[in-house]
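Asker: Structure of the sequence below:
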Amino acid sequence: MLPPPAACTALTQPIYNRQMANAALFSRPSKGALVALLGLTAAALVFAAGRVDLNNPTGTHGLIVIDKIGRRVRFLDPSTFQEIPNSALDVGVAPHDLAISPDHKFAYVTVYGDGVYGNNPHPGHTIAIIDLASRKVAGTIDVSPYQAPHGIQIDDAGKIYVTCDLSRKLLVIDPKARKIEAAIDTEGTGHWAAVLPDASKAYVANKNDKLFVTVIDLKKRSIIARIPAPNGTEGITASPDGRHVVAVDHSEPKLLLIDTSTDKVAATIPLQGNSKASFKPRFSLDGSKLLVCSVSERLVNVLDAADLHGKQQVLTVGKDPMGINFAPDGKTALVANHGDGTVSVIDLSQGRVVSSFKGGAGVESMAYY
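Answerer: This is a model prediction of the structure:
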């Protein structure tokens, strides 16, 4: 039996095991066949580990930044981090989250309104469509009568999934037709969502309104489970292989690790060095690390996905970190700091913050494309 490739993690090991079991069906393969099999296995692991994770986009053409406080969509040079002159776009009050189309031609930006969760007196009802090549607004999707679009996800068919917290819905939208295909009840005021890579299910975090994660079957377009979360939930993300969903606890510094085969909490992971609840998680491009940012403590925890209960790196970043994205080489993470408008640059191989740059007045999310 070949040793597992270095790319294997606790989340991708089962894929490797299945491939090795299949390989065992062949009698005494040649050395060349074993090398070829190992190469195919490694390639499959890279794919499974999130190299093409549509909800964790990256690319070399540009860097789009959602400046919520500045009420602008901004474009930065991905090499120098300098803002491209005369490229800032006004898309409404106030942009929050974004998704990138599978062909990287468009960005879809949710326009939430002038308030915050629980106090949004003038809720938005649009999604801005941004042409990434021209850096221009290509149109809008009006989601009325639904209000306060916030978290957004996309699948490989190009459909987008948007939470509307005031309306307690998860919208399924065809962005080409600019039409809502379905408005699925979430029961709670869903703020963030995680769609599995195969677009079979969505997991919706309800803050502290409903003390469960809503699980939606996207084929049936209905709730199929409610996963108890006694303190409520903040940010949420799916692992690159779709086997787990990670939700951030709303009131304590810990994570809920959800097994997507059973839709039950498989483990609770304390966040080391944190005294308050955290905010948003995201896996690295290769699936080997899990990063979690804490708004209240200016921290980012870096966890080893192969050992989520092991020692964590705890890094200090800018004020009110809210978003995480990765450079295309997978070695650099950018952290959007909503409180001071900076972006912290983390060298993942060194495990430290190496620099920062100005991204706007108050940045919530961003993406390489």
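
Asker: What ranges in the stretch 51-200 of the chain fall below the confidence cut-off?
Answerer: Counting by pLDDT under 70, the stretch 51-200 of the chain has low-confidence residues at 51.

Asker: where do the strands sit along it?
Answerer: 63-67, 72-76, 95-100, 106-113, 123-131, 136-142, 149-154, 160-164, 169-174, 179-185, 192-195 (DSSP state E, counting those that start in this stretch).

Asker: tell me what the first one is packed against?
Answerer: Going back to what we said before, that points to strand 63-67. Strand 63-67 makes packing contacts with strand 72-76, strand 95-100, strand 363-368 when contacts are defined by 3 or more CB pairs under 8 Å, 6 or more residues apart in numbering; DSSP states H and E. Bear in mind the C-beta positions are built from the backbone N, C-alpha and C, glycine included.

Asker: For the second one, which strands pair with it and how are they oriented?
Answerer: Put plainly, it is strand 95-100. According to DSSP bridges, the neighbouring strands of strand 95-100, each with its direction, are strand 106-113 (antiparallel).

Asker: In JSON lines: the helices and strands packed on strand 63-67, plus mean neighbour count and distance to Gly310.
Answerer: Shown next, in JSON lines, are those (neighbours: other CB atoms under 10 Å; distance: least, CB to CB, whole Å):
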{"stretch": "strand 72-76", "mean neighbour count": "21", "distance to Gly310": "34"}
{"stretch": "strand 95-100", "mean neighbour count": "25", "distance to Gly310": "31"}
{"stretch": "strand 363-368", "mean neighbour count": "24", "distance to Gly310": "28"}
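
Asker: These: which one's closest to Val215?
Answerer: Shortest distance between Val215 and those, using CB to CB, is found for strand 95-100: 20.5 Å.

Asker: Can you show me the helices along this protein?
Answerer: Listed in chain order, the helices of the chain (DSSP state H) span residues 13-23, 31-46.

Asker: Give me the mean pLDDT for the longest one.
Answerer: Helix 31-46 shows a mean pLDDT of 33 in the predicted model.

Asker: Show the contacting residues for Cys164.
Answerer: With contacts defined as CB atoms under 8 Å, 6 or more residues apart in numbering, the neighbours of Cys164 are Val143, Tyr146, Gln147, Ala148, Pro149, His150, Leu170, Leu171, Gly190.

Asker: Leaving out sequence neighbours, find the closest residue to it.
Answerer: If the residues on either side of it in the chain are set aside, Cys164 comes closest to Tyr146, at 4.3 Å by CB to CB, 6 or more residues apart in numbering.

Asker: thought that neighbour was touching Lys169?
Answerer: Yes. Using CB atoms under 8 Å, Tyr146 makes contact with Lys169 at a distance of 5.5 Å.

Asker: can you list residues touching both of those two?
Answerer: Shared contacts of Tyr146 and Lys169, defined by CB under 8 Å, 6+ apart, are found at Ala183.

Asker: rewinding a little: please name whichever of the strands of the stretch 51-200 of the chain is nearest to Pro240.
Answerer: strand 192-195 (11.6 Å).

Asker: In terms of secondary structure, what does that closest one contact?
Answerer: Packing partners of strand 192-195 (3+ CB pairs under 8 Å, 6+ apart): strand 149-154, strand 160-164, strand 201-205, strand 233-238.

Asker: thinking again about what came up before, near the residue nearest to Cys164, how many other residues are there?
Answerer: Applying other CB atoms under 10 Å, we find 21 residues neighbouring Tyr146.

Asker: mind listing what it touches?
Answerer: The neighbourhood of Tyr146, defined by CB under 8 Å, 6+ apart, consists of His125, Cys164, Ser167, Lys169, Leu171, Ile180, Ala183.

Asker: The residue nearest to the fourth one when sequence neighbours are not counted and Leu171: what is the separation?
Answerer: Computed as CB to CB, 6+ apart, the closest residue to Lys169 that is not its neighbour in sequence is Ala183, at 4.6 Å. As for Ala183, its distance to Leu171 is 6 Å (criterion: CB to CB, to the nearest Å).

Asker: Much appreciated, bye for now.
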